[in-house]
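**Q** kindly return the folded structure for what I paste below:
(2 chains)
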Amino acid sequence: MANFLLEIGLEEMPAQLVTPAINQLVERAADFMKDNRLQYGEIKPFSTPRRLAVLISDVADKADDLTKEVKGPAKKAAFDKEGNYSRAAQGFARGQGLTTDDITFKEFKGNEYIFVTKFEAGKPAAEVLAGMKDVITSMTFTTTMKWSRHTFEYIRPIRWIVALLDDVVVPLEVLDVKSGRQTRGHRFLGQSVDIANATDYVDDLAKVYVQAAADERKANIVSQIDALAIENGWHVEKDDDLLEEVNNIVEYPTAFVGKFDPEYLELPDEVLITSMREHQRFFHVVDENGSLLPYFVSVRNGNAEHLDNVIAGNEKVLVARLEDAKFFYHEDQKHDIAFYNDKLNVVSFHAKLGSVASHTQRVKALAAIIGRRVALTDKQQQQLARAAEIYKFDLMTGMVGEFDELQGVMGEKYALIFGEEAPVAQAIREHYMPISADGELPESQLGKVLALADKLDSLLTFFAGNMIPSGSNDPYALRRAASGVVNILHDNEWDLSIDAILTDLISEIKSENTRFGLPEDVVTNLDSVVDDVVAFLTDRVVKSLQTQKVRYDVINAVTTGTLTDTTQMFKSANALLAHIDDENFREGVESLTRVMRLTTKNPTDVAVDSALFENAAESQLYAEASLLAGSDLTTDELLKALLALQPAIAAYFDQTMVMVDNEPVKQNRLASLQSVSNQANKVANFMALDVKSN
Amino acid sequence: MSAKMSVQDIILTLQKFWADQGAMLMEAYDTEKGAGTMSPYTFLRANGPEPWHAAYVEPSRRPADGRYGDNPNRLYQHHQFQVVMKPSPDNIQELYLDSLKALGIDPLAHDIRFVEDNWENPSMGAAGIGWEIWLDGMEVTQFTYFQQVGGIQVDAVTSEITYGLERLASYIQDVPTVYDLEWGNGVLYGDIFKEPEYEHSVYSFEKSDSEMLLRHFNEYEAEAKKLLADGLVHPAYDYILKSSHTFNLLDARGTVSVTERAKYLSRIRNMARSVARAFIDERKKLGFPLLKDEALRAKYLPADEEEN
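**A** The predicted model follows:
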């Protein structure tokens, strides 16, 4: 039993990629050990900005032997006329590194075949582990680069590799880097060090000021920050993402406190926090009431020596930023919303799609359309119109120009300062939500409607401008916008037919395009992309249902039919899943499928004339379908009622021949069945359900 | 830090340091440009297989950043100390840190970090991977491994180190504004640059003649294209630089509508792509004279091609 250490020494990796990279290395190392039949105890991960390492304990001296039966040609092909082994049989044995003496016979699926039993002796551990080179080179990263004259790409240049089996170097080579026992310490505090034995790794690095275990380093940072908080009677916001990032930009952390002039506390909290967290990776400090204090906590990559310089430098940088922010905050307030809004006329929404100002005009129209459908009050509609009129003004302020991550946030602050009503201001902030596929959704009614309108106009116009995402190429984040639309609608149980809403907007655009500012060719395309936008949104529903591990046929049933209301798709999926084990489900679906197949293949537009009915079952089914059409049922109730049509449908087909020669009768029957399909289509495309396995 | 170095002492120290590492000391290139990267000593030389090591100070003009000499840090024209080493040496990070030591910045007395920052200049079709280098929280240098230049995947990776001289000097001299920096021999940065900063800001934002600039842009572009067709790489590149600066002036004046903006940038990008390609072709015709390694010569100048 031995211990194996593999360390990949790199130039500083991007902080957010370190943890995924070390997880990947552990996984690949484990796969490698398994594939190579080399037993071991456990794999311990180590990572810093400059190194990814694994220490594999209790590695067996050699890989497990392998005994494997290999099937050859059929027995009848294994002998020639003289009864000797045929060329095929000889070749097979030779190919396995054995002779015909090793051949045995066995039955396989009713026929006899020749077999050999192959034995592969496990190789010594050191020999196997030299193959770890492939583990290193097979790593994949979201950002890669090449360096020097190499064409090989990696997360950052590889500068050294340590590969030690106990005290022996395992030789391997990546590009021009050869493995050895020498690792590097902290860039400034430490120096290079030779590791005598794999198990000395952590202690040897500690001596050269590197805390290699990421979780222990993080705990160290937390305890240092907590100590400073207690010492000063503060509360320090230890944001998880920030802590993770800071942990991955230091090898030897020392936390310290800095301060800034309390005069800057007049700035909105978000401005102060953004300046500290996003720009400088500082933790902000609050009192027991959660109010910001004029201090920050940061973490140095080094020890406590000369900390004064570090503190002074960091304070100076922060003050420069806050001074800029203060300047913008005061300067911005010297104008009014109209001043900024006016500037949006010369800002392009997209080069092919006119200005941001005309985008907001379309969004205003669309917001009103949606507002009516979700029954906003007159007062809310007025506020919504105002919000839609001004919701991008903050993009033109100096503050958002400098701190673009504050878009919306500053919009709300400034709108309140400029005397707008609170719901208007809130909608301005919320219209960006959700900012990630599964992000937080707007809370206010106005915010929801404005967010929907903003996203839907983007989808419609970018599609009409032929800028449709393909593969991983989605430069305008349209998939995120589509997920946002689907999630907001779903969360609020808003049943909106997207095609109807977009069609309403398009007719407004066409009647008055000067105000809406779209180029002619884009306007011409609008009608034809509505279906594509609906399909694009439907695709997000598919993804969402897939993530919830919903059966594929249920997903197909709710997304391949005639539904254009994404919320209904979720409701239908839930209803189907709730009844999929009901006793009458299979029969019910089969009979609905039979009806839908007929009406899909033979569309008709005649009106049903009950005078043409020839039997009681015809009248009965039509009566039941008409009853469903006239009633106001939930999706669940409608599904149950549809499944319950099965006896009526069965009786119908028993007594009725649909495709008769008498054309009026045939059309009438198809129309009657269409009335059933119409109800079924409100729930799902039942034809897509796979009930055979039920 | 020892006695405070003047700006010119900083320049001299960096020049000496990088010359000792094998860099050629070049002079600033005499056509207006937005960054040291756009000097032909970086942009053109980054393509092709030939090694290239150079260091130079580049006055960099960004008309939209002009602040009439009022802002402590923002400038119409700032100075970059540019180092390009191609192919990137294995110890390039250590060399950079040694250069800070040469400036009297003891890493043990400060917090120096390599913070991810991937650089991209879409109008020049250039992109790279690298870091901002933070000195006690302040960005003082941009460090980039070029991956693509003029839309072309590079043959050999250039490591580019761009020191922001004003920032670095502000840190070293510990002054509140760039205008308080000592350039050299007791003369202040403000004594030299405050007036031009003011005048260039007035010109860029208020006085420039947009019609003339537009006309020039079109003429420069036409000239560049014509020269490219004639295989005259360097004159063509001068006109591309002029186009780029002329566009920056138009942009600062606020007369370019947003739709047009994208079009101008794409016109510059197209020229940048063509000139980068043409540079490689012309150097190849010359037999890549700076490429001495025999194996590499065989790779990039195969014998059967040379006969043609």
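
**Q** quick one: name the residues of the stretch 51-200 of chain A near chain B.
**A** A:143, A:145-150, A:156-157, A:159, A:187-189 (C-beta under 8 Å from any C-beta of the partner chain). (C-beta placed from N, C-alpha, C; glycine too.)

**Q** relative to residue A:537, which of the residues you listed is nearest.
**A** Residue A:537 lies nearest to residue A:143 out of those, by C-beta to C-beta, at 30.9 Å.

**Q** quick one: the closest residue to residue A:622 other than its chain neighbours and residue A:335, what's the gap?
**A** Using C-beta to C-beta, 6 or more residues apart in numbering or on different chains and skipping residues adjacent in sequence, the residue nearest residue A:622 is residue A:672, 4.8 Å away. The gap separating residue A:672 from residue A:335 is 67 Å, by C-beta to C-beta, to the nearest Å.

**Q** now do residue B:105
**A** Residue B:105 is 43 Å from residue A:335, by C-beta to C-beta.

**Q** which one's more surrounded, the two?
**A** Using other C-beta atoms under 10 Å in any protein chain shown as the criterion, residue B:105 and residue A:335 rank with residue B:105 on top: 20 against 17.

**Q** what about the more buried one, which SS state?
**A** coil (DSSP: H, G, I helix; E, B strand; the rest coil).

**Q** residue B:28 too?
**A** Once three-state DSSP is applied, residue B:28 turns out coil.

**Q** quick check: phi and psi at it.
**A** The phi and psi values for residue B:28, taken as degrees, to the nearest 10, are phi -60, psi 140.

**Q** residues touching it, list them.
**A** Listed by C-beta atoms under 8 Å, 6 or more residues apart in numbering or on different chains, the contact set of residue B:28 reads B:39, B:56, B:57, B:58, B:59.

**Q** pLDDT score assigned to the residue nearest to residue A:622?
**A** pLDDT recorded at residue A:672 is 92.

**Q** list the contacts of it.
**A** A:608, A:613, A:618, A:621, A:622, A:625.

**Q** can you check residue A:190 too?
**A** A:184, A:207, A:208, A:209, A:210.

**Q** cutoff 6 Å now
**A** Residues near residue A:190 by C-beta atoms under 6 Å, 6 or more residues apart in numbering or on different chains: A:208, A:209.

**Q** distance of it from residue A:303?
**A** 11 Å.

**Q** rewinding a little: which members of the contacts of residue A:672 are the farthest-apart pair?
**A** Going by C-beta to C-beta, the pair spanning the contacts of residue A:672 furthest: A:613 and A:625, at 12.9 Å.

**Q** out of the two, name the residue with the larger neighbour count.
**A** residue A:625 (26 against 19).

**Q** what helix or strand is that one on?
**A** helix A:616-630 (DSSP states H and E).

**Q** give me the angle between the next helix or strand after that helix and helix A:616-630.
**A** Downstream of helix A:616-630, the next assigned helix or strand under DSSP H and E is helix A:635-643. With axes from the mean of the first three to the mean of the last three C-alpha atoms, to 10 degrees applied, the angle from helix A:635-643 to helix A:616-630 works out at 170 degrees.

**Q** show me what counts as buried in helix A:635-643.
**A** For helix A:635-643, burial by neighbour count (16 or more other C-beta atoms under 10 Å in any protein chain shown) applies to A:635, A:636, A:638, A:639, A:640, A:641, A:642, A:643.

**Q** next: stretch A:190-201.
**A** Going by 16+ other C-beta under 10 Å, stretch A:190-201 has these buried residues: A:190, A:193, A:195, A:197, A:198, A:199, A:200, A:201.

**Q** the third one contacts residue A:181, doesn't it?
**A** Okay, so that is residue A:195. Yes - with contact defined as C-beta atoms under 6 Å, residue A:195 and residue A:181 form a contacting pair (5.0 Å).

**Q** can you list residues touching both of the two?
**A** By C-beta under 6 Å, 6+ apart, no residue touches both residue A:195 and residue A:181.

**Q** which residue is nearest the middle of the chain?
**A** This is for chain A. Central residue of chain A (C-alpha atoms, centre = their mean): residue A:437, 6.3 Å from the mean position.

**Q** think we crossed wires, I meant chain B
**A** residue B:36 (1.5 Å).

**Q** wait, isn't that residue in contact with residue B:80?
**A** Yes - between residue B:36 and residue B:80 there is a contact at 4.1 Å, judged by C-beta under 6 Å.

**Q** now the common contact residues for those two.
**A** B:58, B:162.

**Q** list the contacts of the residue of chain A found nearest chain B.
**A** Across chain A, no residue is closer to chain B than residue A:313, which sits at 2.4 Å (C-beta to the nearest C-beta). Residue A:313 makes contact with B:136, B:137, according to C-beta under 6 Å, 6+ apart.

**Q** who does the closest residue to residue A:272 other than its chain neighbours bridge with?
**A** By the measure of C-beta to C-beta, 6+ apart, the closest residue to residue A:272 outside its immediate chain neighbours is residue A:292, 5.9 Å from it. Beta-bridge partners for residue A:292, by DSSP bridges, are residue A:286.

**Q** hmm, back to that, lowest pLDDT pick from the residues of the stretch 51-200 of chain A next to chain B?
**A** residue A:143 (91).

**Q** ok, how many other residues are close to that residue?
**A** Residue A:143, neighbours per other C-beta under 10 Å, totals 15.

**Q** and it, which of the three is it?
**A** Residue A:143 ends up coil, using three-state DSSP.

**Q** wait, which of the buried residues of stretch A:190-201 is closest to residue A:245?
**A** The nearest one, if we look at these relative to residue A:245 and count by C-beta to C-beta, is residue A:190, at 22.6 Å.

**Q** show the model's pLDDT score for that closest one.
**A** At residue A:190, pLDDT is 92.

**Q** so it sits in a strand?
**A** No - counting by three-state DSSP, residue A:190 is not found in a strand; it is coil.

**Q** chain neighbours aside, what residue packs nearest to residue 148?
**A** Just going to use chain A. Nearest one to residue A:148, counting by C-beta to C-beta, 6+ apart, is residue B:87 at 4.4 Å.

**Q** if you could check chain B rather than the one you did, that'd help
**A** residue B:127 (4.8 Å).

**Q** many thanks, have a good one.
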